[in-house]
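Participant: Build me a model from this:
(chains A, B, C and D)
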2 protein chains.
Amino acid sequence: MTRSEENDIKTIYHLGGRGSKSISTNSIAEQMETKPSSVTDMAKKLSDKGLVHYVKYQGVSLSEFGVKTALSIIRKHRLWEVFLVEKLDFTWDEVHEVAEQLEHIKSEKLIDRLDALLDFPKYDPHGDPIPAKNGEFQERDKQLLSELSVGAQGVCVGVKDSSVPFLKFLDKNKIALGNTIKVLDKEDFDNSLRILMEGNEMRISHQIASNLFVKKNS
Amino acid sequence: MTRSEENDIKTIYHLGGRGSKSISTNSIAEQMETKPSSVTDMAKKLSDKGLVHYVKYQGVSLSEFGVKTALSIIRKHRLWEVFLVEKLDFTWDEVHEVAEQLEHIKSEKLIDRLDALLDFPKYDPHGDPIPAKNGEFQERDKQLLSELSVGAQGVCVGVKDSSVPFLKFLDKNKIALGNTIKVLDKEDFDNSLRILMEGNEMRISHQIASNLFVKKNS
DNA sequence: ATTAAAATTTAGACAAAACTAAAAATAGAT
DNA sequence: ATCTATTTTTAGTTTTGTCTAAATTTTAAT
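Facilitator: Residues are numbered from 1 along each chain as shown, chains lettered A, B, ... in the order given. Take a look at the predicted model:
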């Protein structure tokens, strides 16, 4: 698999193109910042290789083999992200770009040993699950902070938006995975929240709250 | 810099093409397992970029900038090798292939942090020196085991041939960097040696002895 | 100094991965 | 059911890196 092919497969996976759901070449192109015609070319190639199902004008979806491949790339990406944060002290907004490169390194032994070095982590620095070698993974029981009702309390377990600006914002406001958050009040007007986090009271906008995953305390 | 360009630069460096010494396109092609005409093309490109001095029919040599670039790639390669051995328990015959890929990852922060994680190693698993960030490095004071006189003693500090078969041979015979070796006897007929290594007496061929670097005890 | 052999470059071809612009198919509104 | 706008594909071009074969230059032997 070339790097482009791997990136294609990964993008289709992230856009949800498994099973019966087909993804349009247009949306893939948009996501990859390339042109639809290039995606069409790639779709044919990947179809020939048995990685995707492709019907002209109907979009592409990953084959079983394609899903397996996507998960193996995602596994590598997320393990490298953990490595960068845990061992090299990268911040969580710095890891994506480098992991994009590292995920294409070809060595099964490398990834297995990295997994062991990191103590077989289940989640990456953004709270996303890391597929096991066989492709299995567990989506964590979670919900958006914006969906919590007043008085409810949870632990921050992930982000929906993992863009650099959002992650930097969270850092600046000392919002980190593992923090306990209690919803004190909800403002009807703009859906902003007053929360208690690790002893500090603060106000956060709806946009923030709807991009933060929490695990509700039973 | 593309991957091909980086590999080219590295090859020229390893063939000794610094300063006044020019390397023929033929020898570069042979080393890289490619064709001389491809090397000619690359030579023009690298010359345009200021990385090499290239005179038609006279071969190429690295510019100052080219040497700096080569050292930065070698630095990455060797740091990754140390990482693979020290942190991921790779054997020294397994590291080269993976490091060949890892050396092309672009992130200065990554390499600096890796350097720190490994505690700023000065030598890679084969005993080769790791250039510092500024390109400086010290070739270790060393000589070939085959050059030691009978009765002399030294510590094994590196290999000249770092091919997989040779490294595997050394492993099998429990010859490792750091071992103390004393030359007990030299066979005139085939130049083989009888040595004492870490308490064990053994016989090694001239070919082995002339690919092992030792540091002579004062 | 000449010349044959070897080394090197040039010119032109090819494959991969991307693009643009035109053509074709689909989807949605009437 | 038709037509128009949108989506998607096709066809042809570009760039990069590589190759082969022919032409050129250098080297080394006489």
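
Participant: Tell me the strands beside the strand or helix carrying residue A:158, with direction?
Facilitator: Using DSSP states H and E, residue A:158 falls within strand A:153-159. Applying DSSP bridges, strand A:153-159 is found paired with strand A:180-186 (antiparallel), strand A:212-216 (antiparallel).

Participant: These into JSON lines, with extra columns for mean neighbour count, mean pLDDT and distance to DNA strand D?
Facilitator: Just so you know, the C-beta spots here come from the backbone N, C-alpha and C atoms, and that holds for glycine as well. JSON lines is the format used below for the strands paired with strand A:153-159 (neighbours: other C-beta atoms under 10 Å in any protein chain shown; pLDDT from 0 to 100; distance: least, C-beta to the nearest atom of the strand, whole Å):
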{"stretch": "strand A:180-186", "mean neighbour count": "17", "mean pLDDT": "96", "distance to DNA strand D": "36"}
{"stretch": "strand A:212-216", "mean neighbour count": "21", "mean pLDDT": "96", "distance to DNA strand D": "30"}
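
Participant: List of residues touching the strand holding residue A:158?
Facilitator: Outside strand A:153-159, the residues within contact range by C-beta atoms under 8 Å, 6 or more residues apart in numbering or on different chains are A:123, A:126-128, A:140, A:142-143, A:145, A:148, A:166-167, A:170, A:175-183, A:211-217.

Participant: Show me what the next helix or strand after it is packed against.
Facilitator: Counting by DSSP H and E, the next helix or strand C-terminal to strand A:153-159 is helix A:164-172. The helices and strands touching helix A:164-172, judged by 3 or more C-beta pairs under 8 Å, 6 or more residues apart in numbering or on different chains; DSSP states H and E, are strand A:153-159.

Participant: Buried residues of the strand it packs on, list them for me.
Facilitator: Across strand A:153-159, burial judged by 16 or more other C-beta atoms under 10 Å in any protein chain shown covers A:154, A:156-159.

Participant: if we can go back for a sec, could you tell me the average pLDDT over the strand holding residue A:158, please?
Facilitator: The average pLDDT within strand A:153-159 is 96.

Participant: Tell me the gap between that strand and the middle of its chain.
Facilitator: 15 Å (C-alpha atoms, centre = their mean, to the nearest Å).

Participant: Pull out the buried positions in the helix ranked longest in chain A.
Facilitator: The longest helix of chain A (DSSP state H) is helix A:64-86. Neighbour-count burial for helix A:64-86 flags A:66-67, A:69-85 (criterion: 16+ other C-beta under 10 Å).

Participant: right, and the helix or strand after that helix?
Facilitator: helix A:95-102.

Participant: contacting residues around the next helix or strand along the chain from that next one?
Facilitator: Downstream of helix A:95-102, the first helix or strand assigned by DSSP H and E is helix A:108-117. Contacts with helix A:108-117, where a contact means C-beta under 8 Å, 6+ apart, come from A:75-76, A:79-80, A:83, A:87, A:121, A:133, B:84, B:87-90, B:94, B:98.

Participant: Outline the domain layout of chain A.
Facilitator: A:3-62, A:143-216 (automatic domain parsing).

Participant: where does the longest one sit relative to the chain's centre, distance-wise?
Facilitator: The one in question is domain A:143-216. Worked out by C-alpha atoms, centre = their mean, domain A:143-216 lies 18 Å from the chain centre.

Participant: again, but for stretch A:86-101
Facilitator: Distance, centroid of stretch A:86-101 to centroid of chain: 14 Å (C-alpha atoms, centre = their mean).

Participant: Likewise for stretch A:115-130?
Facilitator: Counting by C-alpha atoms, centre = their mean, stretch A:115-130 comes out at 12 Å from the chain centroid.

Participant: distance between the ends of it?
Facilitator: End-to-end distance of stretch A:115-130 (C-alpha to C-alpha, to the nearest Å): 10 Å.
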